[in-house]
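In: Sequence first, then the predicted structure:
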Amino acid sequence: MKRKFSAFMVLFSALFLMSSCLKDDTTEVTYSDDTAVTAFSLGTVNNVLKKKYQSDVDSIVTKSLTSYAFTIDQASRLIYNEDSLPYDRNVAPYDYDYTAVTATVTTKNSGVVVLVGKNTAGNDTLLSYTSGTKYDITTIKKLRVYNASMTAYSEYNLDIRIHQRNDSLYNWVSDATNSIIQDFEDVRAVAMNGKIYAFGQKDNATKVVATSDKDVAGWNEVETNVAFSADAFKSIAQNNGKLYILSNGTLYSSSDAANWTAEEGDASTLKQLLGYAGNRFIALNTSNTISSSVDLKEWKKDELAADTKFLPSESLSLVSFPSTVNESTDIALLIGNRAAAYGDSTATIWNKMIEYSAGSKDEPWTYAPFYINDPDKAPYCNRFAAVAYDDRIEALNNDGVFYYSTDKGLRWFKDTKVEIPNFQSTSKFAFIMDSNNYLWFIDATTGRVMKGRHNSVGDKLN
């Protein structure tokens with residue numbers, strides 16, 4: 001009986017509710033005044049594939065922007081992206097068209113979204129929002145979300161950040177001609193402590209000039225307390241706020257390029273100082289092999305994994321950078337030419353892993369040969385000067401052609417983003433990088449001095 005009675009009561013209740021609904025055709029709904037944006041993201045952007053030839057037409061493809069995260073600051077009613085969108089103009093082969101971008105806006109309590117954009121007169125105008133519609137996000141600076149009854153709204157400032165420069169381009173920022181540099185028969189240079197020091201061959205000796213790393217034209221001769229040999233300009237290095245030069249079998253150091261002090265160690269076996277890499281100085285020795293020293297007092301011959309006849313002897317560059325795999329490890333590259341009599345068609349490159357943690361093993365120098373038909377070889381040039389630059393090696397040859405390598409010198413490609421205007425072929429130049437990622441070209445043939453950098457690395461050290 002109890003079970004039958006319970007079933008009857010459930011049925012009666014259902015009928016009562018149904019009859020109540022039939023008595024009135026209207027239903028009262030209450031809307032909340034509380035609304036907010038809970039999520040914001042961009043969808044796709046139009047990309048214009050620029051025509052390659054005059055007879056071609058531009059084509060449009062789309063690119064997803066969903067990987068660019070947006071932050072919603074509810075307290076200050078601000079929506080913004082920390083990682084800026086790519087530069088929007090003239091990025092070959094595409095132009096990013098930010099006048100045609102989709103967006104997704106999620107709201108609380110079914111809020112209605114309205115965008116605040118600009119009309120053709122530049123005045124604010126309200127744009128209805130629909131998912132999947134393309135908008136000009138360069139003009140939309142605010143976003144409103146109304147409650148469902150359209151009686152109240154919350155307004156957000158919309159800060160869609162876009163890179164304001166083309167990161168794929170290279171810019172020369174300074175170009176000058178200097179008579180002091182032009183008087184040099186040849187030149188090498190180093191950057192240190194906000195200055196550029198150029199060591200030039202002149203009157204059968206090595207002279208020193210200097211300028212601020214912000215002034216390509218302000219060179220002044222530095223009077224030195226030591227008379228350096230004619231070929232000493234090739235044997236310069238800097239480390240930890242000091243300059244070093246090898247002259248007539250003696251190694252000197254200075255903090256200002258004017259006052260030089262002879263180091264205590266015996267450098268009589270050294271032929272050319274190459275530079276500093278890892279935790280040591282590296283040099284070619286009179287036995288036509290490589291020596292190194294961690295304290296400048298004792299120089300030891302490094303082990304070579306190939307015959308010494310493959311060592312370069314001319315147009316030498318020592319490049320080093322930290323290993324991305326092992327701690328307390330640098331990778332050093334020696335880049336240059338063998339004598340012309342060998343008939344090489346490529347530059348010569350050796351590399352070495354320099355480990356300086358406690359108990360680490362000293363690795364030998366390894367020869368990295370190129371082959372005649374290798375399309376990505378380092379070219380044989382009268383001058384092929386290389387520097388470690390950001391995450392790659394950048395090099396310049398005597399014909400004004402720039403090359404780069406992203407795999408530690410194994411493959412080389414022409415850097416078509418860089419070009420020296422009105423370049424005159426020369427093999428008597430210095431090519432270095434300063435502490436602000438500017439590359440310097442210092443030409444002893446014409447006295448021309450230039451500095452510039454890739455936009456992509458412009459802010460990394462600033």
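Out: Structure received.
In: From now on I want contacts and neighbour counts done on CA atoms only, so please keep to that.
Out: Noted.
In: Name the nearest residue to Leu296, ignoring sequence neighbours.
Out: Excluding the flanking residues, the one nearest Leu296 by C-alpha to C-alpha, 6 or more residues apart in numbering is Gly265, at 5.7 Å.
In: Could you do Ala230 as well?
Out: Ala205 (3.8 Å).
In: If that neighbour is in a bridge, with which residues?
Out: Lys202 (DSSP bridges).
In: Distance-wise, check it relative to Ala232.
Out: 8 Å (C-alpha to C-alpha, to the nearest Å).
In: Out of those two, name the residue with the larger neighbour count.
Out: Ala232 (23 against 14; other C-alpha atoms under 10 Å).
In: Count the neighbours of Ala332 for me.
Out: With other C-alpha under 10 Å as criterion, Ala332 counts 23.
In: same deal with Asp376?
Out: Look at Asp376: counted by other C-alpha under 10 Å, it has 15 neighbours.
In: Wasn't it part of a strand?
Out: No: the assignment for Asp376, made by DSSP: H, G, I helix; E, B strand; the rest coil, is coil rather than a strand.
In: I'd say it and Phe413 touch.
Out: Yes: here Asp376 reaches Phe413: they are 6.3 Å apart, a contact under C-alpha atoms under 8 Å.
In: how about the strands in the stretch 101-250 of the chain?
Out: 112-118, 124-128, 142-146, 153-159, 170-177, 186-192, 195-202, 205-212, 220-222, 236-239, 242-247, 250-254 (DSSP state E, counting those that start in this stretch).
In: so can I have CSV of those showing distance to Thr445 and mean pLDDT?
Out: As requested, the strands of the stretch 101-250 of the chain are exported to CSV (distance: least, C-alpha to C-alpha, whole Å; pLDDT from 0 to 100):
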stretch, distance to Thr445, mean pLDDT
strand 112-118, 56, 92
strand 124-128, 59, 91
strand 142-146, 58, 95
strand 153-159, 51, 95
strand 170-177, 11, 91
strand 186-192, 8, 98
strand 195-202, 11, 98
strand 205-212, 16, 98
strand 220-222, 18, 97
strand 236-239, 20, 98
strand 242-247, 23, 98
strand 250-254, 28, 98
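In: okay if I get these as JSON lines plus distance to Lys63?
Out: Below are those laid out as JSON lines (distance: least, C-alpha to C-alpha, whole Å):
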{"stretch": "strand 112-118", "distance to Lys63": "23"}
{"stretch": "strand 124-128", "distance to Lys63": "24"}
{"stretch": "strand 142-146", "distance to Lys63": "24"}
{"stretch": "strand 153-159", "distance to Lys63": "20"}
{"stretch": "strand 170-177", "distance to Lys63": "25"}
{"stretch": "strand 186-192", "distance to Lys63": "42"}
{"stretch": "strand 195-202", "distance to Lys63": "44"}
{"stretch": "strand 205-212", "distance to Lys63": "44"}
{"stretch": "strand 220-222", "distance to Lys63": "52"}
{"stretch": "strand 236-239", "distance to Lys63": "46"}
{"stretch": "strand 242-247", "distance to Lys63": "50"}
{"stretch": "strand 250-254", "distance to Lys63": "55"}
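In: for those, which one sits closest to Ile420?
Out: strand 170-177 (8.3 Å; C-alpha to C-alpha).
In: What is that closest one packed up against?
Out: strand 448-454 (3 or more C-alpha pairs under 8 Å, 6 or more residues apart in numbering; DSSP states H and E).
In: what's the angle from the strand it packs on to strand 170-177?
Out: Per axes from the mean of the first three to the mean of the last three C-alpha atoms, to 10 degrees, the angle that strand 448-454 makes with strand 170-177 is 170 degrees.
In: how about the helix or strand in which Thr71 is found: buried residues?
Out: Using DSSP states H and E, Thr71 maps to strand 70-73. Using 16 or more other C-alpha atoms under 10 Å as the test for burial, strand 70-73 gives Phe70, Ile72.
In: Dump that strand to CSV, keeping only the CA atoms.
Out: What follows is strand 70-73, C-alpha atoms only, in CSV (Å, rounded to 0.1, in the frame of the first residue of the first chain):
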residue,chain,number,x,y,z
PHE,A,70,46.2,37.1,-23.6
THR,A,71,46.0,38.1,-20.0
ILE,A,72,42.9,39.6,-18.5
ASP,A,73,43.4,41.9,-15.6
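In: That one pairs with which strands, parallel or anti?
Out: Strand 70-73 is paired, per DSSP bridges, with strand 78-81 (antiparallel).
In: Using CSV, write out every CA atom in the strand it pairs with.
Out: What follows is strand 78-81, C-alpha atoms only, in CSV (Å, rounded to 0.1, in the frame of the first residue of the first chain):
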residue,chain,number,x,y,z
LEU,A,78,42.8,45.5,-19.2
ILE,A,79,43.3,42.7,-21.8
TYR,A,80,46.8,42.4,-23.3
ASN,A,81,49.3,40.0,-24.8
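In: And Ile290, how close does it get to Phe281?
Out: 11 Å.
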